[in-house]
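S.K.: Kindly generate the corresponding structure for this input.
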Amino acid sequence: MENQNPVHVFATWKVKEGQIENVLHLLKTVHKESIKEDGNLFYKIHQSNSDRNTIVLFEGYKDESSIAEHRNSKHFQDLVLGKIVPLLENREIVLTTPIEY
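M.R.: Predicted structure coming up:
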């Protein structure tokens, strides 16, 4: 059965030298479109203090199906996969479920 709990995404992107401004510019649109999605809880973009070419995305979604909708969206397909990923040296993604105490 599919997880109906909220899912948080931690994505760490190592941007190729000289491409950080291009990636940040594209991410403005990705952010704007992602927060409009019904299943999106938040979409936060962070830049490393120690390595300005490292971006960490912290995203929240209502459930697993909301992440699938996000990944199938036009802005994810066109901007993230089509334009941003080619500008990255490395991309790591961790999906988590928050633990409530």
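
S.K.: Show me what the lengthiest helix in the chain is packed against.
M.R.: In the chain, taking DSSP state H as the definition, the longest helix is helix 20-34. In terms of contacts (3 or more Cβ pairs under 8 Å, 6 or more residues apart in numbering; DSSP states H and E), helix 20-34 is packed against strand 40-47, strand 54-61, helix 74-75. Placement of C-beta: from N, CA and C, glycine included.

S.K.: what about S66, how many neighbours?
M.R.: Neighbour count for S66, taken as other Cβ atoms under 10 Å: 19.

S.K.: What does the closest residue in space to it that isn't next to it in sequence show for phi and psi?
M.R.: Sequence neighbours aside, G39 is the residue nearest to S66 in space, at 2.4 Å (criterion: Cβ to Cβ, 6 or more residues apart in numbering). Backbone torsions for G39, taken as degrees, to the nearest 10, come to phi -90, psi 0.

S.K.: For T29, find the nearest of the helices and strands packed on helix 20-34.
M.R.: Minimum separation from T29 across these (Cβ to Cβ) falls at helix 74-75, 6.7 Å.

S.K.: about what we covered before: okay, the helices and strands packed on helix 20-34, which one's buried deepest?
M.R.: strand 54-61 (a mean of 19; mean count of other Cβ atoms under 10 Å).
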